[in-house]
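Undergrad: Let me see the structure of the following:
(one chain, ligands or ions: 1)
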Amino acid sequence: MVEEKRERWNARGSFIMAAIGSAVGLGNIWRFPYIAYKNGGGAFLIPYFIALFTAGIPLVILEYSLGQYMQGAAPKAMKKVKKSFEFIGWWALGIGSIISFYYCVVMAWSWKYLLASFNMEWGENTKDYFFNKVLHISKGPFEIGGIQWEVLIGLALTWVLIYFIIYKGVNRVGKVVNITVPLPIIMLIILFIRGITLPGALKGINYYLEPNFAILLDWRVWLEAYSQIFFSLSLGFGIMIAYASYMPKESDVANNAFIMSLANCATSFFGGFAVFSILGYLSVMNNIDITKLKLSGPGLAFVTYPLALYKLPALGALFSIAFFVMLLTLGIDSAFSIVEAIVSGIHDKWNINKEKLTLIFCIVGFLSGIIFTTGSGLYWLDIVDHWMSNFGLGIIGLLECILLYYFFDFKKIKEYINSVSEIKVGLWWDICIGFITPAILGFSLIFNFNQEFTKSYESYPMKALLIGGWGIAVLCMIFGIFMMKMKGNRVKG
Ligand code: PHE
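TA: Numbering: from 1, shown residues only. As a prediction, this is how the structure comes out:
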């Protein structure tokens, strides 16, 4: 069998846009602003940018160069480094798959809210609306409750969209991201302008950015900065490796990494203004203590923000539509980037028709997501997400750095990058990949492990954590080993 020619992006710009699309996701709106607010406001920008330059960008460069140089998605790229490393690529894709299963459920809620936006159906009691009318939340993870049909339909819609975007390959992805990257930014600008022209906006922004430099002495703030950077740049799930593998071998690496990373962080910073200005308005005009509100995660997007929208003096429905269109377009390109990484990985090994593969994965993704559409869905989503983003990303990122730096001819990768890139990687990059990033990731893993054993997460029953947390985490690892052991049918690579 002769290896077919690898697919290609239609332009360098498409690759950069797609990478930005993956990075800029829900996290930029519901994670960054809150983490900044909680960890020193404006002062948080110091650890954040240090994390960006000492770990974020170096790791993006590493993932890009790996994909581009080896011309393969994560498993193939790792296998070319060393045969036994293949399982790490699969492990990363296993974790990515699980993330895609629940990420799409959050998008399903967003569809429901987009529909509800036209008459702002949620009314004043947004908490009751979200938990009881949309989710029909049960009493605990083991009281499964019924499937919420509207959410299920939203989930199906999301997977159908993902299928149609990626089944034709990255060429179509390159076109779709021309819409899904700028559109949420335009919506964000609209919400920002509405936000800062409201009374109380300044108070909100003050909350967001009031610098507290003393807090920088707390090492946990630094850990938060690093983990936010990793999560936000979609590192450790094989996405950037797969995307870069569709670039010709001689394309620039370092420059692309800088552009993508800076664009992502700028969006996060800007997102904070849109979120906190309107929260300031909500707090001042309605006498609500801002600290009593849910300021991050689903609570921000589906409870607090809708309340603020409802309280707008005029055109609330229009801004609600803008907000949920923003969430959906932010989410979709992150969601399909994970699916693309997985499908590419399998395609690289077995040469199965990509259309068929995408269809199968989308069906599996949809079916696996059903549990999250039940009354107990939010509990499971919370548990699985906590484990995947705390341990999954950390372990894979750590292994990537250590194995490539210490067990591979690292100089070769460096020479390759410098032969194609405008910005050269020097000793600083060695220090970042060989020492700083693994030290920080290793340290956070130990810290997180320790925390898991001292206190049960959110007081969920231990059995639920064993299944949804540790169980799924171990399953991803077994999946990695299993996939490596399976015989591929490619002659080359
Ligand atoms: N980077 C995305 C965000 O900030 C999250 C994400 C992580 C998406 C991993 C896909 C894969 O929301």
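Undergrad: Pull out the buried positions in the lengthiest helix in the chain.
TA: For the chain, the helix with the greatest residue count under DSSP state H is helix 316-350. Judged by neighbour count using 16 or more other Cβ atoms under 10 Å, the buried positions of helix 316-350 are 316-317, 319-349. C-beta coordinates here come from the backbone N, C-alpha and C atoms, glycine included.
Undergrad: Phi first, then psi, for A314.
TA: Dihedral pair for A314: phi -150, psi 160, per degrees, to the nearest 10.
Undergrad: if we can go back for a sec, just how off-centre is the longest helix of the chain within its chain?
TA: On the basis of Cα atoms, centre = their mean, to the nearest Å, helix 316-350 sits 10 Å off its chain's mean C-alpha point.
Undergrad: Would it count as contacting the ligand?
TA: Yes. Judged by Cβ under 6 Å from any ligand atom, helix 316-350 and the ligand are in contact via S334, S337, I338.
Undergrad: pLDDT (mean, whole number) over that helix?
TA: In this model, helix 316-350 has a mean pLDDT of 96.
Undergrad: do stretch 407-414 as well
TA: 92.
Undergrad: One more: stretch 417-425?
TA: The model assigns stretch 417-425 a mean pLDDT of 96.
Undergrad: got the CA coordinates for it in CSV?
TA: The C-alpha coordinates for stretch 417-425 follow below in CSV (Å, rounded to 0.1, in the frame of the first residue of the first chain):
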residue,chain,number,x,y,z
ILE,A,417,12.4,24.8,13.9
ASN,A,418,15.2,27.2,13.3
SER,A,419,15.6,26.1,9.7
VAL,A,420,12.0,27.0,9.0
SER,A,421,11.1,29.8,11.4
GLU,A,422,11.7,33.5,11.4
ILE,A,423,11.9,33.7,15.2
LYS,A,424,14.7,31.4,16.3
VAL,A,425,14.5,29.2,19.4
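Undergrad: which parts of that stretch are buried?
TA: I417, N418, V420, S421, I423, V425.
Undergrad: can you redo these as CSV with secondary structure and distance to the ligand?
TA: Shown next, in CSV, are the buried residues of stretch 417-425 (DSSP: H, G, I helix; E, B strand; the rest coil; distance: Cβ to the nearest ligand atom, whole Å):
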residue, secondary structure, distance to the ligand
I417, helix, 23
N418, helix, 28
V420, helix, 25
S421, coil, 23
I423, coil, 23
V425, coil, 23
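Undergrad: Which one of those is nearest to N119?
TA: I423 (51.2 Å; Cβ to Cβ).
Undergrad: so what's the closest one closest to, chain neighbours aside?
TA: A254 (4.0 Å; Cβ to Cβ, 6 or more residues apart in numbering).
Undergrad: mind checking how far that neighbour is from M240?
TA: 13 Å (Cβ to Cβ, to the nearest Å).
Undergrad: Tell me which of these two has more neighbours.
TA: Taking other Cβ atoms under 10 Å, A254 and M240 do not tie; M240 has more neighbours (29 against 22).
Undergrad: residues in contact with the more buried one?
TA: Contacts for M240 (Cβ atoms under 8 Å, 6 or more residues apart in numbering) come out as A19, S22, V60, E63, Y64, G67, L233, S234.
Undergrad: got it, and Y102?
TA: Counted by Cβ under 8 Å, 6+ apart, Y102 has contacts G369, F372, W380, L381, V384, D385.
Undergrad: If any of the residues you listed are buried, put those into a ChimeraX selection.
TA: To isolate the buried ones among those in ChimeraX, judged by 16+ other Cβ under 10 Å, type:
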select :369,372,380,381,384,385
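Undergrad: In TSV, list the contacts of Y102 along with pLDDT and secondary structure.
TA: Output for these, formatted as TSV (pLDDT from 0 to 100; DSSP: H, G, I helix; E, B strand; the rest coil):
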residue	pLDDT	secondary structure
G369	98	helix
F372	97	helix
W380	97	helix
L381	95	helix
V384	95	helix
D385	93	helix
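Undergrad: Of the residues of helix 316-350 next to the ligand, which is the nearest to the ligand?
TA: Proximity of the residues of helix 316-350 next to the ligand to the ligand (Cβ to the nearest ligand atom) peaks at S334, which lies at 3.6 Å.
Undergrad: Excluding sequence neighbours, find me the nearest residue to that closest one.
TA: G25 (3.5 Å).
Undergrad: Point out the residues in the stretch 101-250 of the chain that sit beside the ligand.
TA: Counting by Cβ under 6 Å from any ligand atom, the stretch 101-250 of the chain sits next to the ligand at F231, S232, S234, F237, I239.
Undergrad: Select from those every entry located in helices.
TA: Going by DSSP H, the helices hold F231, S232, I239 from these.
Undergrad: Neighbour-wise, give me the winner out of those residues.
TA: I239 (30 neighbours).
Undergrad: Help me confirm that that one comes into contact with L93.
TA: No. The criterion here is Cβ atoms under 8 Å, and I239 misses it with L93 at 9.5 Å.
Undergrad: show me where pLDDT drops low in the stretch 151-300 of the chain?
TA: For the stretch 151-300 of the chain, no stretch has pLDDT under 70.
Undergrad: Beyond the helix or strand where Y103 lies, next helix or strand please.
TA: Y103 is part of helix 86-117 when elements are defined by DSSP states H and E. Per DSSP H and E, the first helix or strand lying C-terminal to helix 86-117 is helix 126-128.
Undergrad: what packs against that following helix?
TA: Helix 126-128 is packed against helix 305-310, with contacts defined by 3 or more Cβ pairs under 8 Å, 6 or more residues apart in numbering; DSSP states H and E.
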